[in-house]
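*Asks:* attaching a predicted model along with its sequence, questions to come.
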Amino acid sequence: MRYFYILLFYLWIVPSKAQQTKSAQIELDSVGSYLELSTFYYKTNDYKAALDFAQKAFDYSKGIRNPKKMAQSYAAMGAIYFDLNKFEEAAKQYSKCLEIANAYPASNEQAYSYFQLALCQIELKQYMNAELNLENAKNIYSFLRIPDAITLIQLQKGIVHEAKGDYEEARLVFSQLIQNATSQDLLKINAEAYYHLGTIESHNFRYNLALNYLKKAQKLNGIHNIRLKAKILLELSKAYEKTIDMTKAYAYLQMHMQLDDSLTKLSFKKLGSADFAEFKENERLKTIEKLDKENKEQQKASRVANIIIILSIGFIAILSLLSFSLYKNNNIRKKSNQLLEDNNHELEIAKTKAEQALKARADFLSTVSHELRTPLNAINGITHLLLEEQPKPSQLDYLNSLKFSGNYLLTFINEILEINRIESEGIEVEQLRFNLKELTENLQNSLKELAIINNNRFTIQLDPAMPIQVVSDPTKLSQILLNLINNALKFTKNGEVQVTSKVLDSHEDKINIEFNVTDTGIGIPEDKLESVFDSFSQGSIEINRKYGGTGLGLSIVKRLTDILGGTISLVSQVGIGSTFTVVLPFKISSDNDIQHNPFAYNDQILNGKKVLLIEDNKINQMITKKMVENKAMVCEVIDNGEDAIQAVKNNRYDLVLMDVHLPGINGTIATQTIRTFDPKTKIIALTAISLNENREMLLSYGMNDVITKPFNPEEFYHIICKNLDA
């Protein structure tokens, strides 16, 4: 990496002689030559001579009052002091360079000096100043359109984050560098990025993952950067020592010591007078080469006439070839057009098949929705009715857990049936105030039976510093944790499942909390770790047959975590267990965060109202009628659409609750018929189909509103009150 910095320095510090005017010839022969000699001795490790010539360049440029040359001289001395590890002195030289360079338009020397000054400050542990100067360098390189230099700056930013202990921020920077690197030079930077990822994982005690990164760094680096190779070998030795592989630890330590010894010898290499003479001889050869080039130019001028004749003949030949080529191209174009027509026809067929598949999928989801929601409506409805009948204290915990599980299952079904909406990021994130401790306790109560069945010890430990009241989306948080805990309990037998939380950092009213779900179960093979978050992925067919499930759980967890703005990671070993780590942002709740209840309603509106319920399912009849009568309404029940039409025609009702799926005439046709003679009576659809897909269609038949099964009791009464009060 050091030689890349030298190249940047050399490109602007030594000007091209072809760009100098005759009036500047004296200056070129002095300042330019001094800087060339300084750079030569610098690259050959003769630092004393390099400093002498850099100082001479500065003295001369000061004497002729040339600020730009003075800035270049400061930068040259800064580079030498930096290589001698005299970082404070190097920083002074780069600061003096910038005092001069900043008076002129943006240039390479400004960006280079900011970059080198930042490297000095990193070594001096002045990280805040280093970050500011890296950003200054990045802005100038962006303006000058030098993308490779910007990539180097990003690498140094990651190193700063790592040095400050911001390991997650550093990990993101290094990972992004690896993803974006394409050119061969940038692939070399990948080696250093992988090296730092390995050191971060070692710091976090994830030594197997650290070994993976360090091996990639070793492979990419090869022999390009000997110093980096030495550091990689040392880190590999430490990581193998932590994994108790002492043979490899000792082998890599030996390789490191051998390479380190070579570097030490190389750093003391000095050049003698013979090498300097060779350098001067090379300069003389360059002069001879320039004169020879001028002679060749004169010879070329004498042959211009002959070249013109040859070009004329060639031009005629080209015209002939072009005519023939046009003829051939015309034939090729005809064939290409025919091929395109054939391809377009095939694409039309593929499009038709895709549309048919989408329609079949929509029909399937509609059927599944109805079949799942109908029994779930009975579960949720009966639970609600039992809770309203003042159950015994010993029964209350069971009913609350049943209510929580039913509500979660409803939300879970909705998310699975609307997986397309998840993938298109169409899900809205609610911001509600809730009790985080209470939520985790409900999760524990809901899953303790599964823990008992598999003879697992199931514990939840919350960070005492974690706030009790937070603002986020409790439903999606429940889905994430419930899926992870359910998997841990399912794949662990006669073991332990532990859930812990840890407050990572907080700023004003915002906080990041890390949740860890750790089990001692079967573990996940290394080759499956990257695909475990894909849809329908369960590791193997045998696991699916033995433990069941769809393989959607972790896919939904990953997508919901992304939607909430968090991150998820996994560490697992076969036969030892797994740890899923989820980091999520929350807002710390205040009194102002108390949410207005969106389903508030006035009981007095419902008192004495006459309701007609059209429902063919006996359980749903019983539940819905009981819920209606609990609010002092009068309820009449009919189980088909034909009788419902006659009942509305012959009687007056305040409200009609119309099930959409009925034997004979369905609810939509019945509503459409009623509207031909009664446009005023309020009709609310009861449906087990996904609300987001069908609401507008149902309203188009003359229905006033829609309630989706299973009923949320508060929402059920709220919608009825809203329509009766309209």
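*Replies:* Yes, it's here.
*Asks:* can you verify residue 150 is assigned to a strand?
*Replies:* No - in this structure, residue 150 is helix, not part of a strand, as judged by DSSP: H, G, I helix; E, B strand; the rest coil.
*Asks:* that one is in contact with residue 143, isn't it?
*Replies:* No - the criterion here is Cβ atoms under 8 Å, and residue 150 misses it with residue 143 at 10.7 Å. All C-beta atoms are positioned from the backbone trio N, CA, C, and that covers glycine.
*Asks:* so the two - more neighbours on which side?
*Replies:* residue 150 (18 against 12; other Cβ atoms under 10 Å).
*Asks:* residue contacts, that one?
*Replies:* By Cβ atoms under 8 Å, 6 or more residues apart in numbering, the contact set of residue 150 is 138, 141, 142.
*Asks:* same thing but at 10 Å, please
*Replies:* Going by Cβ atoms under 10 Å, 6 or more residues apart in numbering, residue 150 touches 111, 137, 138, 139, 140, 141, 142, 144.
*Asks:* neighbours around the first one, how many?
*Replies:* Residues lying near residue 111 (other Cβ under 10 Å) number 26.
*Asks:* tell me which element it falls in.
*Replies:* Element membership for residue 111 (DSSP states H and E) is helix 108-123.
*Asks:* circling back: want to throw the contacts of residue 150 into a markdown table with pLDDT?
*Replies:* Listed next are those as a markdown table, based on pLDDT from 0 to 100:
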| residue | pLDDT |
| --- | --- |
| 111 | 85 |
| 137 | 85 |
| 138 | 84 |
| 139 | 88 |
| 140 | 85 |
| 141 | 83 |
| 142 | 85 |
| 144 | 83 |
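*Asks:* out of these, who's nearest residue 510?
*Replies:* residue 138 (27.0 Å; Cβ to Cβ).
*Asks:* would you map the helices across the stretch 601-726 of the chain?
*Replies:* Taking DSSP state H, counting those that start in this stretch as the criterion, the stretch 601-726 of the chain contains helices spanning 618-629, 641-650, 667-674, 691-700, 713-724.
*Asks:* repeat that for the stretch 351-500 of the chain.
*Replies:* 393-417, 419-423, 436-453, 474-490.
*Asks:* least confident of the ones you listed, on average?
*Replies:* Of all the helices of the stretch 351-500 of the chain, helix 419-423 carries the lowest average pLDDT, namely a mean of 54.
*Asks:* re earlier: chain center to the helix holding residue 111: distance?
*Replies:* Centroid separation for helix 108-123 versus its chain: 30 Å, with Cα atoms, centre = their mean, to the nearest Å.
*Asks:* buried ones in stretch 201-208?
*Replies:* In terms of neighbour count (16 or more other Cβ atoms under 10 Å), stretch 201-208 has its buried residues at 201, 202, 206, 207.
*Asks:* which one of those sits closest to residue 382?
*Replies:* Out of those, the member with the shortest distance to residue 382 (by Cβ to Cβ) is residue 206, at 48.0 Å.
*Asks:* which residues does the closest residue to that closest one other than its chain neighbours bridge with?
*Replies:* In space, and not counting its chain neighbours, residue 206 is closest to residue 571: 5.9 Å by Cβ to Cβ, 6 or more residues apart in numbering. Beta-bridge pairing of residue 571 under DSSP bridges involves residue 579.
*Asks:* show me what contacts residue 571?
*Replies:* Contacts of residue 571 (Cβ under 10 Å, 6+ apart): 201, 204-206, 208-209, 516, 518, 524, 529, 577-581.
*Asks:* so where do the helices sit in the stretch 201-350 of the chain?
*Replies:* 207-221, 226-242, 246-267, 273-302, 304-388.
*Asks:* would you single out the least confident of the ones you listed?
*Replies:* Taking the mean pLDDT of the helices of the stretch 201-350 of the chain, helix 273-302 comes last: a mean of 50.
*Asks:* re the thing from before, okay, who's weakest in the contacts of residue 571 by pLDDT?
*Replies:* residue 529 (79).
*Asks:* verify the stated contact: it with residue 572.
*Replies:* Yes - between residue 529 and residue 572 a contact is recorded at 6.5 Å, counting by Cβ atoms under 10 Å.
*Asks:* who touches both of the two?
*Replies:* In contact with both residue 529 and residue 572: residue 578, using Cβ under 10 Å, 6+ apart.
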